[in-house]
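>>> missing the sequence, but the structure's below:
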């Protein structure tokens, strides 16, 4: 391990550095402590762009849960509807349960699991029972209305299946196809929108009131179903673009890529690494092998930041395999700051835990230690 004061390499287990006498049990200057990683703690400690996006999508998930619950309660009073009422109610119940799971995953920021859960386990599975009920309802009124539903359903199912496969490939292999995932997510979302609401447009021209068939509950459930699909689509796109942090350490073992210090690896989830969450290279992930240098001058730094507050060699970052923490050394004149405003001590290695946010020179350049 390394001394966090003078940077000397010392044997593991030493209490004091033999070179400068520094107490290795101390962890000065970090101003941080390990707290549970969820939306609520992040709101109070680090309310950045990523957390704002996650909070908005979490609220949307909670709204969908409430709407599904209202729909289920409303349908429970229907005794003499048509024989499909029980089947439709079951669809809303399963979607209500899914919505709870989605909200929990979003609240605890299990981002990679959330993406797989939403796309692979929900959209693909729940698309079929929804289609069967919708086809019946509109076929019951006019058989011609079922034709576009069939087309949109087939295309949406194929796009959703392809997206689920691409997500699994991207996460569990070294093949990174996040752009393909984003395109397929938007395509499937658009097709699902057409499948849900196109029949209502046709129905409006027939002069038939959907309320005559007691289908106001189905309309409400359809809107809520699309809300979940829209939230999933937006979440997937933000996740793939790195706006919602994609540092899922549980998937790191599946990444076999080996990169040099400072190599940009936007899609990779290997560790140790740092991610720019705001600034010149927002969303990009940089793997760390050895020591990485952040600065403003080409040739003197691995990560180049075009910012007047960033020095030519602003800081160095390395990862201590023994302690499991990062070690950061400030070489600059404008300093490095933690999220609570504390300035890091200069010219010594400061031990920082994972998930620490560093302000490089100013709040305009922010990095997270993954």
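Yep, it's here. Source: prediction; values computed, not measured.

>>> how near is residue 98 to residue 242?
Residue 98 sits 26 Å away from residue 242, going by C-beta to C-beta, to the nearest Å. Backbone N, C-alpha and C define where each C-beta goes, glycine included.

>>> neighbours of residue 298, how many?
The number of residues packed near residue 298 is 8, by other C-beta atoms under 10 Å.

>>> any idea what it is bridged to?
Beta bridges link residue 298 to residue 301, judged by DSSP bridges.

>>> can you verify my assumption that it contacts residue 305?
No. Using C-beta atoms under 8 Å, residue 298 is not in contact with residue 305, being 11.1 Å away.

>>> mind checking how far stretch 343-363 is from the chain centre?
In terms of C-alpha atoms, centre = their mean, to the nearest Å, the centre of stretch 343-363 is found 24 Å from the chain centre.

>>> just the mean pLDDT for it, thanks.
Averaged over stretch 343-363, pLDDT sits at 86.

>>> buried ones in it?
Neighbour counts over stretch 343-363 (16 or more other C-beta atoms under 10 Å) mark 344-345, 348-352, 354-361 as buried.

>>> ok, those residues vs residue 189, which is closest?
Set against residue 189, the nearest of the buried residues of stretch 343-363 by C-beta to C-beta is residue 355 (30.7 Å).

>>> shouldn't that closest one be within a helix?
No. Residue 355: not assigned to a helix; according to DSSP: H, G, I helix; E, B strand; the rest coil it is coil.

>>> for residue 300, see how far away it is.
Distance from residue 355 to residue 300, by C-beta to C-beta: 28 Å.

>>> with residue 294 instead?
10 Å.

>>> who has more neighbours, those two?
residue 294 (29 against 12).

>>> what segments of this structure are strands?
273-278, 285-287, 291-295, 303-304, 315-320, 325-330, 336-338, 349-352, 357-360, 366-369 (DSSP state E).

>>> list of residues touching the first one?
Residues lying outside strand 273-278 but in contact with it, judged by C-beta atoms under 8 Å, 6 or more residues apart in numbering, are 48-50, 242, 245, 247, 265, 282-288, 292, 317, 326, 357, 363-370.

>>> just the buried residues of those residues.
Judged by 16+ other C-beta under 10 Å, buried ones among the contacts of strand 273-278: 48, 50, 242, 245, 247, 265, 282-288, 292, 317, 326, 357, 365-370.

>>> spit out the contact partners of residue 134.
So residue 134 contacts 149, 195-196, 199, 218, 222 (C-beta under 8 Å, 6+ apart).

>>> just the ones in helices from these, please.
Counting by DSSP state H, the part of those found in helices is 149, 195-196, 199, 218, 222.

>>> tabulate those (a markdown table), appending distance to residue 115 and neighbour count.
Formatted as a markdown table, these follow (distance: C-beta to C-beta, whole Å; neighbours: other C-beta atoms under 10 Å):
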| residue | distance to residue 115 | neighbour count |
| --- | --- | --- |
| 149 | 27 | 21 |
| 195 | 22 | 26 |
| 196 | 22 | 21 |
| 199 | 29 | 24 |
| 218 | 29 | 23 |
| 222 | 24 | 22 |
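
>>> grab the nearest non-local neighbour of residue 98.
residue 122 (5.0 Å; C-beta to C-beta, 6 or more residues apart in numbering).

>>> my read: the one you found touches residue 231, true?
No. Judged on C-beta under 8 Å, residue 122 makes no contact with residue 231 at a distance of 10.7 Å.
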